[in-house]
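*Asks:* generate coordinates for the sequence data below:
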Amino acid sequence: MFDRLKNIFDKVKNLNVSVDKYRKESVIQSLPNVAYVNQAQKYIEKKQYKLAQEYLTKALDINNQDARAHKYLGKIYEAQCKFGDALREYEVSSVINPQDKEIWLRLGMCQITTKKYEQAIKSFENADKITPMNTDVQTGWGMALMRLKKYALARDKFVLASKINKYNYTAILLSAVMEIRLGEYKPAEVKLGFLTKVAPNESSCYELANLRLLQSNYQEAENYALKSLSYNKLMLPSYFVLGEVYSILKDFEKTNDIFNQAVENDLNNDALQIEWGKACVRLFRFEDARDHFNTALEKNDKNSGAQIGLALLDSYENNFEKLEQFKERNADNVYIQEATGLEFIANGLTDDAVEMFKKAYKTDKHQTYNILHLARA
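*Replies:* Numbering: from 1, shown residues only. This is a model prediction of the structure:
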């Protein structure tokens, strides 16, 4: 009799321990899937994604309409750069629980990554209704508008995001970038000057270097580009700024050295070869430019920038065959404008050539060959 009572007591005691443990893991004890989701959340925080996914799978086996399980599964996929899978899970979660304060932000950011910019804007609009005046939401919203080239609207969102949180340096940086795109250099200069003092990094220094280049302040452009590379030697756009500065100043040795430095840092891609080719055009080293444009095409045979560069070089030799395919779609490109002007000269249309070379010079004053062409015309 005593042994029987002891067995019952031990079973009740073990059951109590199990229940206490279960209660710690589950807020709603009637739903065991909540415990699985909570445990998965802990594993996600530790970046143990495989274990977290196992618990989320168990939770969804119990209830496939669990919004949190889908959201956390989306986070795992996003962390693993599986953005298509993440997008699918976030969308399911947003349908199940559209009042989640976080889901629309995560969905919007994932839609930006997958280039679904119009959908991203709708997601940020929903996020703003649930959590108005949220700095992250406004920043993401601005990023979507920026990708759609709606620079003025994007700038407004970034400015608002930085007003909500003055320490949102990303929003301050992006608002400056938008102002540069809009030709509003003074306010951009103030913002970038602030960032390079209080939170200097490769991005803020690069953007200020690029602004100084646009302002033809080559000394400061060089200084800030070099400073950017001191923070991160893999900041490829900073090499582009330096290559442009040195080629504008007609320093072939420095131009070659900076691009070779990028190659040594494993940054040799089609974009680098195109910028190198453009620098050689500024230096009037046309055969070198042709080599770099051809190398760019070897790395990416669909790169229109390299093809346009070769079309310009061909036009110097009165060969306009490659030019025709780019005239309509790339009318604002300085190389296409220059090549078209040369075609006008070849056809005896000197008045049209004069206008085209003037247009090309306005597009890019550093493409100095246009001055010679204009004089010839």
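*Asks:* tell me where the stretch 251-377 of the chain has helices.
*Replies:* Secondary structure of the stretch 251-377 of the chain by DSSP state H, counting those that start in this stretch: the helices cover 252-264, 270-282, 286-299, 304-315, 334-346, 350-363, 369-376.
*Asks:* could you export the last one as CSV, CA atoms only?
*Replies:* Once non-C-alpha atoms are left out, helix 369-376 reads as follows in CSV (Å, rounded to 0.1, in the frame of the first residue of the first chain):
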residue,chain,number,x,y,z
TYR,A,369,37.5,65.9,-75.9
ASN,A,370,34.1,67.6,-76.6
ILE,A,371,35.8,71.0,-76.5
LEU,A,372,38.1,69.9,-79.5
HIS,A,373,35.1,68.4,-81.3
LEU,A,374,33.1,71.7,-80.8
ALA,A,375,36.0,73.7,-82.2
ARG,A,376,36.2,71.4,-85.2
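*Asks:* quick check: buried residues in it?
*Replies:* 369-370, 373-374 (16 or more other Cβ atoms under 10 Å). All C-beta spots, glycine's among them, are computed from the backbone N, C-alpha and C.
*Asks:* tell me what it is packed against?
*Replies:* helix 334-346, helix 350-363 (3 or more Cβ pairs under 8 Å, 6 or more residues apart in numbering; DSSP states H and E).
*Asks:* buried ones in the first one?
*Replies:* Across helix 334-346, burial judged by 16+ other Cβ under 10 Å covers 334-345.
*Asks:* same question, the last one
*Replies:* Neighbour-count burial for helix 350-363, with 16+ other Cβ under 10 Å as criterion, is recorded at 352-354, 356-357, 359-361, 363.
*Asks:* need the contact list for residue 58.
*Replies:* Counting by Cβ atoms under 8 Å, 6 or more residues apart in numbering, residue 58 touches 33, 36.
*Asks:* and it, what's its pLDDT?
*Replies:* Listed pLDDT for residue 58 reads 92.
*Asks:* sec struct for it, please.
*Replies:* When classified by DSSP: H, G, I helix; E, B strand; the rest coil, residue 58 comes out as helix.
*Asks:* hang on, the earlier thing: right, and the helices of the stretch 251-377 of the chain - which one's nearest residue 187?
*Replies:* Nearest to residue 187 among the helices of the stretch 251-377 of the chain is helix 350-363 (23.8 Å), distances taken as Cβ to Cβ.
*Asks:* show me what the closest one is packed against.
*Replies:* If you count contacts as 3+ Cβ pairs under 8 Å, 6+ apart, helix 350-363 packs onto helix 334-346, helix 369-376.
*Asks:* got JSON lines for the ones you listed, with distance to residue 174 and mean pLDDT too?
*Replies:* Shown next, in JSON lines, are these (distance: least, Cβ to Cβ, whole Å; pLDDT from 0 to 100):
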{"stretch": "helix 334-346", "distance to residue 174": "27", "mean pLDDT": "95"}
{"stretch": "helix 369-376", "distance to residue 174": "33", "mean pLDDT": "89"}
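*Asks:* out of these, nearest to residue 226?
*Replies:* Of these, nearest to residue 226 by Cβ to Cβ is helix 334-346, at 26.7 Å.
*Asks:* which residues touch the closest one?
*Replies:* For helix 334-346, contacts defined as Cβ under 8 Å, 6+ apart pick out 308-309, 311-312, 314-316, 318, 320, 323, 326-327, 330-331, 350, 352-353, 356-357, 359-360, 363-364, 367, 369-370, 373, 376-377.
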